[in-house]
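*Asks:* Return a 3D structure for these sequence lines:
(chains A and B)
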Amino acid sequence: MNRTLILLRRELLSTFVSPVSWIILVLFLLVMGANMYISIVAVGGDLRQLLSSAYGGLVFWFMFLVIPPLVTMRSLAEEHRQGALEVLMVTGISDASVVIAKWAASSIFYFTLWLGLLPLWGVLSLVGEVEPGLLFTTHVGIFFIGSAFCANGILASALTAHPLAAAGLSFTFNIALFMVHFFSNLFRPGEIELLWIEHVSAIHHMVDELTRGILDLRVPVFWFTLILFSLFLATRVLERRRWA
Amino acid sequence: MIEIEDLSLTYGDRRALDGISFRVPAGAVTGFIGENGAGKTSTFRVLTTWLLPDPETQRVIVDGVDLLRDPQTACTRVGVLPEQLALPGELRVAEFLRFRSGIKNVPSRQARAEVSRVLEAVNASDMEQRRIDTLSQGYRQRIGLADALLGDPPVLLLDEPTRGLDPRQISQFRALLDELRGNHTLLLSSHVLGEVEQLCDRICVISKGKIRLEEDRESWTQRLGKAGRWQLELAPSADAKKVTQWLNQQPEVQSVNRDQHHWSIQSDAALGLRIGEKALEEGWVIMELRSEPATLESLFLEWTGSDSVAPVPGGEES
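*Replies:* Have a look, this model is predicted:
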């Protein structure tokens, strides 16, 4: 089996036997479950409005931005501090394989958190009209944007040997991507600068497009490019460690 | 076999390895000794390809593979037991070793047999299904060694392998290392010089990033013999000046220190008999005559105590 897949399997195994992961999962489901309930009350039972309300509010963005740094902070930083990274890297496995496996494992776990909410939507579909198309595009967004946030987390984790510092750095990267949207207030409709900001704004992508069922191919392409860029930088950082 | 020629490594502006050269013969157990920060772990990190040496490094050959040209192949020839063991406590021993065998490119069909083989080699077959975080330090060290043995690498690098073990575990671990002799080329870094003396066929002394000495067991045993001391105490009736003069005339005596009627003499083992004969002849009354054999520890302190290089064949110039 390919070494990347072997490492990915091991990372997933370690993630899903870790009590911290289960604590994150339970807290996530509790907070997002409460958020869903509040959103149902807010939209007065109109399930068509529920998606943009539940997956566009402050609680959603808080979880969306905070969970990836928590999931990724230990991946490289902790292993480097404990010496486990050295033991892994001296087997001849490539830097890229290590980075990809760590990122894939954290993204899979992160996406699993969101998939944990699907049964709620299943129950809601029994009592009202839930559009599967909307759910699909929303989860495409969660997958790509969440994976990009995880890639940022892996990069931050490669840059420092301290998990908390990695989490802080990763959160800073993510919040910067989030805050880009607010620069749009500086421009008027029709100005080219505003269009540029919309192309890189996570808020615009989620709130104005994906949760409304609009899937513009440029959105996944942008976030996928960002993932590749962060993973490339993380690989270079790992490589640099070999130069004493 | 390991051959290193002019290996240099610089961290920022600190030179950790300053053009070191040494050779570890195939199948031998070589003790790599030096004080903290001497460059032992840095050398290991280069040999495992974790760190890249400075560009002026001439040659680093591991089991016939040029590490500078082909690090990917070179690292497959090396198994390493690091000083800082980081084993995943949440995994079972077999799970961990199967994962490591996959990462080390052991074909998946052979993985199970390979795990059994290495566990047997380290006498830990009965631990296969135990979670790693429930193992004693001694067994954790064995699992670390089993990991190093996966894929049967010809070269093993062991960094402080008995650190943190209790005396019984140390004894068991040494026996284990002794069993590996001949099948693998072992480079053993240790601060426990008694262990090096007991296990190693050769020693290589490093200090401040330079090799101070490199020699085989025969040479250092001879050196130990010559570096021994005699403690002699005679009754006050003996003429102290005459005794000192006679001692200084003996060819094997290297130094004599006198305190009233007590002499401390650096010499080889043969001197004791000669002192006895001379005492009978001169009528000296011997109150005490005691041999103090030199230890590797005392030689180590001598070799690393100054910046000068021990003036011995096989040692490198400073």
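*Asks:* Now do the same contact list for the residue in the stretch 151-300 of chain B that chain A sits nearest to.
*Replies:* In the stretch 151-300 of chain B, no residue comes nearer to chain A than residue B:151, which is 8.9 Å away by Cβ to the nearest Cβ. Just so you know, the C-beta spots here come from the backbone N, C-alpha and C atoms, and that holds for glycine as well. Counting by Cβ atoms under 8 Å, 6 or more residues apart in numbering or on different chains, residue B:151 touches B:76, B:79, B:101, B:104-106, B:114.
*Asks:* Walk me through the domains of chain B.
*Replies:* Listed domain ranges for chain B are B:2-222, B:228-293 (source: automatic domain parsing).
*Asks:* Buried deepest among those, which one?
*Replies:* Ranked by mean neighbour count under mean count of other Cβ atoms under 10 Å in any protein chain shown, the domains of chain B are led by domain B:2-222, which reaches a mean of 19.
*Asks:* All the strands of chain A, residue numbers only.
*Replies:* With DSSP state E as the criterion, chain A has no strands.
*Asks:* Would you mind listing what in it touches chain B?
*Replies:* Taking Cβ under 8 Å from any Cβ of the partner chain as the measure of proximity, chain A contacts chain B at A:1, A:3, A:6-7, A:9-10, A:13-14, A:17-18, A:79, A:82-84, A:86-93, A:242-244.
*Asks:* Would you mind naming what in the stretch 51-200 of chain B lies close to chain A?
*Replies:* So the stretch 51-200 of chain B meets chain A at B:51-52, B:72, B:75-76, B:78, B:80, B:82, B:84-86, B:88, B:90-91, B:95, B:99-100, B:102-105, B:108, B:147 (Cβ under 8 Å from any Cβ).
*Asks:* Could you tell me which of those belong to helices?
*Replies:* Judged by DSSP state H, helices contain the following of those: B:72, B:95, B:99-100, B:102-103, B:108, B:147.
*Asks:* Would you map the strands across chain B?
*Replies:* So, for chain B - with DSSP E - the strands run B:2-11, B:14-24, B:29-33, B:59-62, B:65-66, B:78-81, B:155-159, B:185-189, B:202-207, B:210-216, B:229-234, B:255-259, B:262-266, B:286-292.
*Asks:* Quick check: residue B:58 vs residue B:88, distance?
*Replies:* 39 Å (Cβ to Cβ, to the nearest Å).
*Asks:* Residue A:138 now?
*Replies:* Applying Cβ to Cβ, the value for residue A:138 to residue B:88 is 36 Å.
*Asks:* Phi and psi next, for the nearest residue to residue B:1 once chain neighbours are set aside.
*Replies:* Nearest non-adjacent residue to residue B:1, counting by Cβ to Cβ, 6 or more residues apart in numbering or on different chains: residue B:26, 4.2 Å away. Dihedral pair for residue B:26: phi -60, psi 140, per degrees, to the nearest 10.
*Asks:* what sits against residue B:26?
*Replies:* B:1, B:154, B:185.
*Asks:* Any chance of the backbone angles for the residue lying closest to the second one once chain neighbours are set aside?
*Replies:* This points to residue B:154. Computed as Cβ to Cβ, 6+ apart, the closest residue to residue B:154 that is not its neighbour in sequence is residue B:63, at 4.6 Å. With angles defined as degrees, to the nearest 10, residue B:63 sits at phi 50, psi 40.
*Asks:* Looking at residue B:305 now. What's its pLDDT?
*Replies:* pLDDT for residue B:305: 64.
*Asks:* typed the wrong thing, it's residue A:183
*Replies:* Here, the pLDDT recorded for residue A:183 equals 79.
*Asks:* nearest spatial neighbour of it, skipping sequence neighbours?
*Replies:* In space, residue A:183 is closest to residue A:197, 5.4 Å off (Cβ to Cβ, 6+ apart).
*Asks:* Looks like residue A:32 contacts residue A:62 (just checking).
*Replies:* No - distance between residue A:32 and residue A:62: 10.3 Å, which falls outside the contact criterion (Cβ atoms under 8 Å).
*Asks:* Which of the two has more residues huddled nearby?
*Replies:* Legend: neighbour count by other Cβ atoms under 10 Å in any protein chain shown for residue A:32 and residue A:62, higher for residue A:32 (21 against 12).
*Asks:* Could you report the separation of that one from chain B?
*Replies:* Distance, residue A:32 to chain B, using Cβ to the nearest Cβ, to the nearest Å: 27 Å.
*Asks:* Enumerate every residue touching residue B:4.
*Replies:* Neighbours of residue B:4 in contact, by Cβ under 8 Å, 6+ apart: B:20-23, B:43, B:59-61.
*Asks:* Run through who's touching stretch B:28-45.
*Replies:* Stretch B:28-45 has contacts (Cβ under 8 Å, 6+ apart) with A:86, A:244, B:4, B:7, B:9, B:16-17, B:20, B:24, B:51, B:80, B:82-83, B:157, B:159, B:177, B:181, B:185-191, B:193, B:196, B:199-210, B:300, B:304.
*Asks:* what about chain B, any weak spots by pLDDT?
*Replies:* B:269, B:305-318 (pLDDT under 70).
*Asks:* swap in chain A?
*Replies:* A:1, A:48, A:243-244.
*Asks:* ok, the most centrally placed residue in it - contacts?
*Replies:* Centroid check for chain A by Cα atoms, centre = their mean gives residue A:146 as the closest residue, at 1.9 Å. Listed by Cβ under 8 Å, 6+ apart, the contact set of residue A:146 reads A:64, A:68, A:107, A:110-111, A:114.
*Asks:* Over to residue A:226?
*Replies:* A:148, A:151.
*Asks:* make it 6 Å
*Replies:* residue A:148 (Cβ atoms under 6 Å, 6 or more residues apart in numbering or on different chains).
*Asks:* ok, it to residue A:138 distance?
*Replies:* Relative to residue A:138, and taking Cβ to Cβ, residue A:226 is found at 19 Å.
*Asks:* how about stretch B:121-131 as CSV, C-alpha atoms only?
*Replies:* Coordinates of each C-alpha in stretch B:121-131 appear next as CSV, following Å, rounded to 0.1, in the frame of the first residue of the first chain:
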residue,chain,number,x,y,z
ALA,B,121,14.5,-10.9,18.3
VAL,B,122,13.9,-8.5,21.2
ASN,B,123,12.2,-11.2,23.3
ALA,B,124,8.9,-9.4,23.4
SER,B,125,6.6,-11.8,21.5
ASP,B,126,4.2,-12.0,24.4
MET,B,127,3.7,-8.2,24.3
GLU,B,128,2.2,-8.2,20.7
GLN,B,129,-1.4,-7.4,21.8
ARG,B,130,-0.5,-5.0,24.6
ARG,B,131,-1.2,-1.3,24.3
